[in-house]
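K.L.:
I need the structure of the sequence given here:
(2 chains)
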Amino acid sequence: SQQGEEDPQALSIQEGENATMNCSYKTSINNLQWYRQNSGRGLVHLILIRSNEREKHSGRLRVTLDTSKKSSSLLITASRAADTASYFCATARGAGNTPLVFGKGTRLSVIA
Amino acid sequence: AAGVIQSPRHLIKEKRETATLKCYPIPRHDTVYWYQQGPGQDPQFLISFYEKMQSDKGSIPDRFSAQQFSDYHSELNMSSLELGDSALYFCASSSRQRRGTQYFGPGTRLTVL
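P.N.:
Below is the predicted model:
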């Protein structure tokens, strides 16, 4: 990956538990985004956090960004079996329509 | 709401053949991106177009070319296909109003035999 590592690479939890995934990146960024991908399917945009933001919420999702450590975390609360998927972080250098650089992804399995 | 459309969804080709993938962005989106995702890998940026002009270039092989047409749809042309080109190819689009957020299509799964 051009970006860095996601941690953990795989995570297995029980339904109802919280899931936390971490992402590190290497360069300065304008924003960081999280995407979900069900097996072999398209990437679904979850949330975008800008470099001047530290935390953002969307439903059961909470994203934090620490630009000094070049890291981000995605927390999914009260997980459901339907949350089973791969989760990728992606960074953008600029504010405009710039390409995304993806991390390696975390494979989340939520067991009912 | 309208989403990004890609065709075909699946494509099987022999080595050294050519392939053309098509992408129809969300209406009124001005930028189109192409990404390649190998098996078990993260998506890698290939190339993008803003208002029909190439705007950024990533790890796109010389055997590949792409363009965006007057109706904003885009095509990725791949020649002299190799086994290693087998991957999911995603198209994404974005707009000025929602800078940064890219909306991805379902992808084209290319298998090279």
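K.L.:
ok, residue A:14 touching residue A:83?
P.N.:
No - using Cβ atoms under 8 Å as the test, residue A:14 is too far from residue A:83 to be in contact (11.8 Å). For the C-beta atoms, the positions are set from N, CA and C on the backbone; glycine is no exception.
K.L.:
Find residues that contact each of these two.
P.N.:
Taking Cβ atoms under 8 Å, 6 or more residues apart in numbering or on different chains as the contact rule, residue A:14 and residue A:83 both touch residue A:110.
K.L.:
neighbour count winner among these two?
P.N.:
Neighbours were counted for residue A:14 and for residue A:83 using other Cβ atoms under 10 Å in any protein chain shown; residue A:83 has more, 18 against 9.
K.L.:
Surely the more buried one and residue A:76 touch.
P.N.:
Yes - the pair residue A:83 and residue A:76 qualifies as a contact (Cβ under 8 Å) at a distance of 5.8 Å.
K.L.:
shared neighbours, these two?
P.N.:
With Cβ under 8 Å, 6+ apart as the test, residue A:83 and residue A:76 both reach A:19, A:108.
K.L.:
how about the residues of chain B that lie near chain A?
P.N.:
B:30-31, B:33, B:35, B:41-45, B:48, B:50, B:55-56, B:58, B:88, B:90, B:92, B:94, B:96, B:99-107, B:109 (Cβ under 8 Å from any Cβ of the partner chain).
K.L.:
Just the ones of those residues in strands?
P.N.:
Under the assignment DSSP state E, these contribute B:31, B:33, B:35, B:44-45, B:48, B:50, B:55-56, B:88, B:90, B:92, B:94, B:103-104, B:109 to strands.
K.L.:
Who wins on neighbours among those?
P.N.:
Compared across those, residue B:33 has the highest neighbour count, 30 neighbours, by other Cβ under 10 Å.
K.L.:
Cross-check the contact I'm expecting between it and residue B:91.
P.N.:
Yes - Residue B:33 is within contact range of residue B:91, at 6.9 Å (criterion: Cβ under 8 Å).
K.L.:
do stretch A:33-51 and chain B meet at all?
P.N.:
Yes - contact of stretch A:33-51 with chain B (Cβ under 8 Å from any Cβ) involves A:33, A:35, A:40-45, A:48, A:50.
K.L.:
Filter these down to the buried ones, PyMOL style.
P.N.:
This is how PyMOL selects the buried members of the residues of stretch A:33-51 next to chain B, with burial counted by 16 or more other Cβ atoms under 10 Å in any protein chain shown:
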select buried, chain A and resi 33+35+42+43+45+48
